[in-house]
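In: sequence and computational prediction follow.
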Amino acid sequence: MFFKNSLSVFLMLLCAVCLCLGQLIWKLMPELNLIYLLGGFAIYAIGAMLMIFSYRYGELSVLQPINSMSYVFSTIIAAYILHEKISLINISGIVLIVSGVIAIGVSRQ
C-alpha cells in the first residue's frame, strides 16, 4: 500500500510541475506563436493525464491538496526564470502551503 500511495503522491507532484511548465511556456510565448501554444497545451495535457493516473492509486482528500504545490512551483519558477521579486508575503504563503501539504500527508500515514 505504501508504494501505491507514494506513487500517487509522486505523480501528483509531477502533475503540478507540468501545469507550471505549460503556463511558463504560454507566458514566454512571443505573440501568438502556434508552436509555443501547442507545446504549452501538450505539457498541460501530460499533467492532466498524470493527475488521472494519480487519482487511481491514492485518496482524493490527500492528492488534491498536493496539487496546490503548483502555486509553490510557479513562484519558484517566476523568481528564477522570469526574475520576479518574491515578497515576504509570498514566502509566508509558500510556507503555509507546504506545511498544509505535509500535515495532510502525515495524517494519512
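Out: Looks like it came in fine.

In: relative to A78, how far out is C15?
Out: As judged by CB to CB, to the nearest Å, C15 and A78 stand 19 Å apart. Every residue, glycine included, has its C-beta placed from N, CA and C.

In: now the residue most central in space within the chain: how far from A48?
Out: With distances taken as CA atoms, centre = their mean, A16 lies nearest the centre of the chain, 1.7 Å away. A16 is 12 Å from A48, where distance means CB to CB.

In: burial measure for S54, as a count.
Out: By other CB atoms under 10 Å, the residues close to S54 number 23.

In: secondary structure element holding it?
Out: In this structure, S54 sits in helix 34-57 according to DSSP states H and E.

In: buried residues in that helix?
Out: 36, 39-40, 43-44, 46-47, 50-51, 53-55, 57 (16 or more other CB atoms under 10 Å).

In: tell me which of those residues has the lowest pLDDT.
Out: The lowest pLDDT within the buried residues of helix 34-57 belongs to Y57, with 87.

In: I'd say that residue and S6 touch.
Out: No. Contact criterion CB atoms under 8 Å: Y57 and S6 do not qualify, at 9.2 Å.

In: just give the nearest non-adjacent residue to W26, would you?
Out: Of all residues not flanking W26 in the chain, G40 sits nearest, at 4.4 Å (CB to CB, 6 or more residues apart in numbering).
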